[in-house]
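Asker: Return atomic coordinates for the entry below.
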Amino acid sequence: MLEDVLGGLLGGSGFVLAIALFIILCIYLGIRIVPQSEKHVVERFGRLKSVLGPGINFIIPFLDRVAHKVSVLERQLPTASQDAITSDNVLLVVETSVFYRVLEPEKTVYRIRDVDAAIATTVAGIVRAQIGKMELDEVQANRATLIAQIKEQVESAVDDWGIEVTRAEILDVGLDQATRDAMLQQLNAERERRAAVTRAEGQRRAVELQSDAELYAARQEAEARRVSADAEAYATGVVAEAIQKGGLEAVQYNIALEQVRSIAKVAEGQGSQTIIVPADAVDAFGKAFTMLKGRS
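Answerer: Purely as a prediction, here's the structure:
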């Protein structure tokens with residue numbers, strides 16, 4: 001009988017212990033601590049039940065289970081290269097990189113299987129479509145605008161996947177060798193054209209300066225002639241005025257004085273041994289002396 005009592009006590013304790021362990025297990029399974037960088041997707045019998053945010057969360061053990069743990073940190077897709085043809089038929093090799101983060105993990109989990117591959121494919125298609133609308137020069141000059149357009153269209157395309165595209169970058173735009181050679185030839189031709197234009201401009205400027213110099217010289221010569229003519233006219237006017245005031249005697253005096261000066265210049269010449277005196281030189285001296293005496 002003692003053995004029956006001990007067996008009953010031991011059996012009752014085992015049941016209580018089992019209950020206690022079950023309760024501890026339920027508490028352990030019912031409490032979920034979610035890190036700040038994650039969100040957990042909870043399913044009940046295979047269907048979406050809820051999304052657990054950061055912190056302590058409670059679920060019903062054995063009914064609910066955490067089916068997916070999704071990181072909400074910003075992610076960067078591997079650098080991808082894709083071919084694209086511009087509207088002027090130039091083949092480009094475009095390297096792109098996309099940054100994104102998950103906002104609604106329930107959409108990301110249940111609407112797309114491989115989100116990275118889906119985004120990469122979407123970006124490649126959008127890049128080809130956008131570059132196909134532009135010429136090569138526009139691609140190089142409007143890269144910022146092109147990046148903004150690609151980012152906007154990628155955001156619209158992935159909106160149903162619960163994803164936010166934070167940044168899209170075009171890392172490099174490469175050209176095939178044939179296009180590079182053609183562009184190099186075009187660049188050399190453009191440089192030669194600019195050099196020819198520069199030389200022509202220099203020659204034209206030189207001709208203009210020469211013409212300006214000749215015109216200036218002609219103007220100066222004309223001005224000198226005008227001044228000389230004015231001086232001769234002034235001298236003539238003075239003589240005429242003197243004749244008018246002094247009469248014929250003043251004219252004879254001036255003529256005689258000029259004859260005297262001319263003879264003096266001839267006498268001053270080097271190597272002059274003989275002085276030629278006009279026949280009327282004596283009369284000229286006499287007249288000049290007489291007039292000078294009369295004036296004094």
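
Asker: Now do the helix or strand containing Ser156: which elements does it pack against?
Answerer: Using DSSP states H and E, Ser156 falls within helix 143-157. In terms of contacts (3 or more CB pairs under 8 Å, 6 or more residues apart in numbering; DSSP states H and E), helix 143-157 is packed against helix 115-131, strand 163-175. C-beta: built from backbone N, CA, C; applies to glycine.

Asker: In the stretch 1-150 of the chain, mark out all the strands, start to finish.
Answerer: Remark: strands assigned in the stretch 1-150 of the chain by DSSP state E, counting those that start in this stretch are 31-34, 38-44, 47-52, 55-58, 64-71, 75-76, 80-85, 91-102.

Asker: Comparing the helices and strands packed on helix 143-157, which comes out most buried?
Answerer: Stretch with highest mean neighbour count among the helices and strands packed on helix 143-157: helix 115-131 (a mean of 18; mean count of other CB atoms under 10 Å).

Asker: Just name whatever secondary elements that helix is in contact with.
Answerer: strand 80-85, strand 91-102, helix 143-157, strand 163-175.

Asker: Turn the ones you listed into JSON lines, columns for mean pLDDT.
Answerer: Converted to JSON lines, the helices and strands packed on helix 115-131 look like this (pLDDT from 0 to 100):
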{"stretch": "strand 80-85", "mean pLDDT": "86"}
{"stretch": "strand 91-102", "mean pLDDT": "90"}
{"stretch": "helix 143-157", "mean pLDDT": "86"}
{"stretch": "strand 163-175", "mean pLDDT": "86"}
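
Asker: which other residues reach stretch 60-79?
Answerer: 25-26, 29-30, 32, 37-45, 49, 52, 59, 95-103, 105, 108-109, 116, 119-120, 123, 166, 171 (CB atoms under 8 Å, 6 or more residues apart in numbering).

Asker: Can you tell me what sits against stretch 161-171?
Answerer: With CB under 8 Å, 6+ apart as the criterion, stretch 161-171 contacts 74, 79, 94-108, 111-112, 115, 118-119, 123, 127, 143, 146-147, 150-151, 154-155, 158.

Asker: hang on, the earlier thing: export the helices and strands packed on helix 143-157 as a markdown table, with columns for distance to Arg219.
Answerer: Listed next are the helices and strands packed on helix 143-157 as a markdown table, based on distance: least, CB to CB, whole Å:
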| stretch | distance to Arg219 |
| --- | --- |
| helix 115-131 | 63 |
| strand 163-175 | 59 |
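
Asker: ok, back up a step: could the helices and strands packed on helix 115-131 be laid out in JSON lines, adding distance to Leu136?
Answerer: Below are the helices and strands packed on helix 115-131 laid out as JSON lines (distance: least, CB to CB, whole Å):
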{"stretch": "strand 80-85", "distance to Leu136": "10"}
{"stretch": "strand 91-102", "distance to Leu136": "8"}
{"stretch": "helix 143-157", "distance to Leu136": "12"}
{"stretch": "strand 163-175", "distance to Leu136": "8"}
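
Asker: Out of these, indicate the one that is most buried.
Answerer: It is strand 91-102: most buried of those by mean count of other CB under 10 Å, with a mean of 18.

Asker: could you say which helix or strand contains Ala189?
Answerer: helix 177-246.

Asker: Now do the end-to-end distance for stretch 33-41.
Answerer: 13 Å (CA to CA, to the nearest Å).

Asker: how about low-confidence regions in the stretch 1-150 of the chain?
Answerer: 1-12 (pLDDT under 70).

Asker: So for Gly202, which of the helices and strands packed on helix 115-131 sits nearest?
Answerer: strand 163-175 (35.3 Å; CB to CB).

Asker: Listing partners with orientation, what would you give for the closest one?
Answerer: strand 91-102 (antiparallel) (DSSP bridges).

Asker: before we move on, back to that, now find how far off-centre the helix holding Ser156 is within its chain.
Answerer: Centroid displacement of helix 143-157 relative to its chain, using CA atoms, centre = their mean, to the nearest Å, is 22 Å.

Asker: got the angle between that helix and helix 115-131?
Answerer: Using axes from the mean of the first three to the mean of the last three CA atoms, to 10 degrees, the inter-axis angle of helix 143-157 relative to helix 115-131 is 130 degrees.

Asker: how close does Leu171 sit to Val72?
Answerer: 26 Å (CB to CB, to the nearest Å).

Asker: With Ile150 instead?
Answerer: For Ile150, the distance to Val72 - CB to CB - is 24 Å.

Asker: can you check Ala18 too?
Answerer: Counting by CB to CB - Ala18 and Val72 are separated by 40 Å.

Asker: Please say which of those two ends up with more neighbours.
Answerer: Val72 (18 against 10; other CB atoms under 10 Å).

Asker: quick one, phi/psi of that one?
Answerer: When read as degrees, to the nearest 10, the backbone of Val72 gives phi -100, psi 10.
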